[in-house]
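>>> for reference, the sequence and a predicted model appear below.
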Amino acid sequence: MKKNVIFKLAAAAMVFSLMLPMSASAKWINEELGPGEAVWVEDTLPDGSTSSGETPQDTVSPVYEPSENIIIPVSPEADNQQEAQQPEAETQPDDSAQQDASASSDEAPQETQAEAKPDETAGVPESGGEEAQLPANAVMSNGRILYTDKPMISLTYDDGPNPKVGNRIMDVMAANNGRATFFLVGNRVPTYTSEVQRMAAEGHEIANHSYSHKYLNKYGADVIRDEVAKCNAAVQAACGVTPSVMRLPGGNKNSTVLSNVNMPIVLWNIDTRDWDHKNAQKTINEVMSKVKDGDVILMHELYNATADASDYLIPTLSSQGYQLVTVSELAKYKGVALQPGKVYYSF
């Protein structure tokens, strides 16, 4: 008798728990969570609604409430050096043109320097003739001018799309003439197609991060190929672009993975561990203390703190002379031909 009562109470508790709505603030935790991986914080219910019953809007950047992280410039001298660094980095391509043209007045070089600033020359040329007038060290790429003899780095963001963070990153990239690489999880793409379409339209690189974020080194060839193919198909369906590079979840690989991915694999050489500490200042410090030409920097498109850090890093790195490029651009202009099944950490 007593056992029956206990059994009925337990069954009733289970049914009651199933009837309770899922909290919108609940965390979806990857069961295979490991070093370098993120906890996915889902802000929506399974049916796509929020706790207030509203449908998520990913067509515009959402209203953002800053986190408690206080952004402090890593280098106190950065602001003072900014004006000195910009002309030195930006006017070099016009030195030869300046000599070839005319030095008849002191005002002419100043006008040439002003015209050479990236924020004024970033547009796509209206005709093919204008592109031919670029200096030998300059190229048009993704709608802006890049200088092949100046430092380039790639800021990369895993585990999206997530419009609350991704749109903020793209806003500050647009203001600083930069491009990022977003490694997207395929099964998240259909929910946030507007954000993915914006990525493509603004010249950011959309890359493959598997379809369901499995650690592929734990699976056989069929699962590996399926995870890669389904992610590529989801991105193609959303924005008309098929990813050309991939990042393995966790960076985990073995011979089976390398022989079945059939895409270049781009990992990273600076891991901000933003998924672990979720602190903007720590992310900033990690990047600014290590950054150099050719780096591939790992962050995650999941956390407000990462967007906070990007708000500081993107303009600061740009002001220090770094060109913010996609991983494919970085490889191309560093003279690296990406090969399927080969792993790259930096360029």
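Happy to help now that I have it. Numbering: from 1, shown residues only.
>>> mind pulling up the pLDDT for residue 256?
Residue 256 carries a pLDDT value of 98.
>>> can you list the neighbours in contact with the helix or strand where it lies?
Element membership for residue 256, per DSSP states H and E: helix 255-260. Residues outside helix 255-260 that contact it (Cβ atoms under 8 Å, 6 or more residues apart in numbering): 216, 217, 220, 221, 224, 225, 228, 248, 265, 341, 342, 343. (Each C-beta comes from the backbone N, C-alpha and C, glycine too.)
>>> do that again at 7 Å, thanks
With Cβ atoms under 7 Å, 6 or more residues apart in numbering as the test, helix 255-260 has contacts from 216, 217, 220, 221, 224, 225, 248, 341.
>>> buried sites along that helix?
256, 257, 258, 260 (16 or more other Cβ atoms under 10 Å).
>>> circling back: of all the contacts of helix 255-260, which two lie farthest apart?
220 and 341 (16.3 Å; Cβ to Cβ).
>>> please identify which of those two sits among more neighbours.
The neighbour comparison of residue 220 against residue 341 (other Cβ atoms under 10 Å) goes to residue 341, with 15 against 10.
>>> and residue 136, how many neighbours?
9.
>>> got phi/psi on it?
Dihedral pair for residue 136: phi -60, psi -30, per degrees, to the nearest 10.
>>> residue 159 now?
Dihedral angles of residue 159 (phi, psi; degrees, to the nearest 10) stand at phi 80, psi 10.
>>> quick one: the helices in the stretch 151-300 of the chain, in order.
Applying DSSP state H, counting those that start in this stretch to the stretch 151-300 of the chain gives helices spanning 163-175, 193-201, 221-239, 255-260, 274-277, 280-288.
>>> contacts for the second one?
Contacts of helix 193-201 with the rest of the structure, by Cβ under 7 Å, 6+ apart, involve 58-59, 161, 163, 166-167, 170, 182, 189, 206, 235, 238-241.
>>> that one - what's its average pLDDT?
98.
>>> cool, and the shortest one?
In this model, helix 274-277 has an average pLDDT of 97.
>>> just the third one next, same as before
Over the span of helix 221-239, the pLDDT mean works out to 98.
>>> of the contacts of helix 193-201, buried ones?
Buried among the contacts of helix 193-201 by 16+ other Cβ under 10 Å: 58, 161, 163, 166-167, 170, 182, 189, 206, 235, 238-239, 241.
>>> so residue 302 makes contact with residue 163?
No - the criterion here is Cβ atoms under 7 Å, and residue 302 misses it with residue 163 at 11.6 Å.
>>> related to what we said a few turns ago, which one of the contacts of helix 193-201 is nearest residue 291?
residue 182 (19.6 Å).
>>> wait, the closest one sits on residue 300?
No - counting by Cβ under 7 Å, residue 182 does not reach residue 300; the two are 10.5 Å apart.
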